[in-house]
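Visitor: need a structure here:
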Amino acid sequence: MELKRFLEKLASDTPTPGGGSASALAGALSASLVAMVAGLSSRKNEAGRKEMRRIRREGLAVQKKLVRAIDEDSKSFDDVIRAFRLPRTSEKERLRRVKEIQRAYRKATLTPQLVCRQSLRLLEHSWFLILKGNPNAISDAGVAAFLADAALTGGLLNIQVNLASLTEKSYAKKMDVLMKDWAKKRGQLMKSILKNLIETHQG
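Guide: Got it, this is the predicted structure:
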């Protein structure tokens, strides 16, 4: 979706696109900056050129995944809405409706999971670029990190909200373990990123 149109739809009084799509967009912006900084760094640093080119390729690949996730998240929530609108006049219809709602909520956790995983990769790349990248682009690497952090935080929130409506406790428990692991890694990376940005600024 064209950016201006997306922003107009995001600002409208319809439930989609919403926070999940916005999180994916934040991640896609982060990926774009990661690719840019890695590209600039490959020109400056001959010794690390191969690694910078690899990070640039990964950044562009992540960008494509997260751009797709913008629409995928909206479609997932549209499925939830459709499930709630299913007829429930008979017992058979009520049972089918409940089953479809549960299926839709579980499916709605998939795109935020992708956003979380890819955002963690972007945080790792941002941290590396802050340390080893072109010093003239350190602010861009920092912004890439903050955008990835926002995308990851949004992804975690959207998973949590959808899990709250699931009756499948084993799946919810499995996701809770994963989310805690992602949150822990996020905290560790952001601590290092902020430390290095502050030290660079003071230096």
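Visitor: When you work out contacts or count neighbours from here on, use the C-alpha atoms and nothing else.
Guide: Will do.
Visitor: Just give me the longest helix of the protein.
Guide: helix 49-84 (DSSP state H).
Visitor: which non-adjacent residue is nearest Thr167?
Guide: Gln102 (7.4 Å; Cα to Cα, 6 or more residues apart in numbering).
Visitor: one step back: now find how far off-centre the longest helix of the chain is within its chain.
Guide: How far helix 49-84 lies from its chain's middle: 8 Å, per Cα atoms, centre = their mean, to the nearest Å.
Visitor: Just the buried positions in it, please.
Guide: 49, 52-53, 55-63, 65-80, 83 (16 or more other Cα atoms under 10 Å).
Visitor: Now do the end-to-end distance for stretch 42-54.
Guide: Its first and final residues considered, stretch 42-54 spans 10 Å by Cα to Cα, to the nearest Å.
Visitor: centroid residue for the chain?
Guide: Val115 (2.8 Å; Cα atoms, centre = their mean).
Visitor: same question for the helix or strand containing that one, mean pLDDT?
Guide: Per DSSP states H and E: Val115 is located in helix 110-132. Per-residue pLDDT over helix 110-132 has a mean of 97.
Visitor: What helices and strands are in contact with the helix or strand harbouring Ala150?
Guide: Following DSSP H and E, one finds Ala150 within helix 138-163. Other elements packing on helix 138-163 under the criterion 3 or more Cα pairs under 8 Å, 6 or more residues apart in numbering; DSSP states H and E are helix 19-44, helix 91-107, helix 110-132, helix 169-202.
Visitor: quick one, which of these is packed in tightest?
Guide: helix 19-44 (a mean of 26; mean count of other Cα atoms under 10 Å).
Visitor: which helices and strands sit right next to it?
Guide: With 3+ Cα pairs under 8 Å, 6+ apart as the test, helix 19-44 has helix 49-84, helix 110-132, helix 138-163 packed against it.
Visitor: switch the cut-off to 6 Å
Guide: Here helix 19-44 touches helix 49-84, helix 138-163, going by 3 or more Cα pairs under 6 Å, 6 or more residues apart in numbering; DSSP states H and E.
Visitor: Kindly calculate the angle that it makes with helix 110-132.
Guide: 30 degrees (axes from the mean of the first three to the mean of the last three Cα atoms, to 10 degrees).
Visitor: which outside residues touch stretch 34-46?
Guide: With contact meaning Cα atoms under 6 Å, 6 or more residues apart in numbering, stretch 34-46 is reached by 49, 52, 56, 59, 133-134.
Visitor: Pull the number of nearby residues for the nearest residue to Tyr105 once chain neighbours are set aside.
Guide: In space, and not counting its chain neighbours, Tyr105 is closest to Asn162: 5.6 Å by Cα to Cα, 6+ apart. The number of residues packed near Asn162 is 19, by other Cα atoms under 10 Å.
Visitor: ok, the nearest residue to Pro87 once chain neighbours are set aside to Lys107 distance?
Guide: Leaving out its chain neighbours, the residue that sits closest to Pro87 by Cα to Cα, 6+ apart is Glu93, at 6.1 Å. Glu93 is 21 Å from Lys107, where distance means Cα to Cα.
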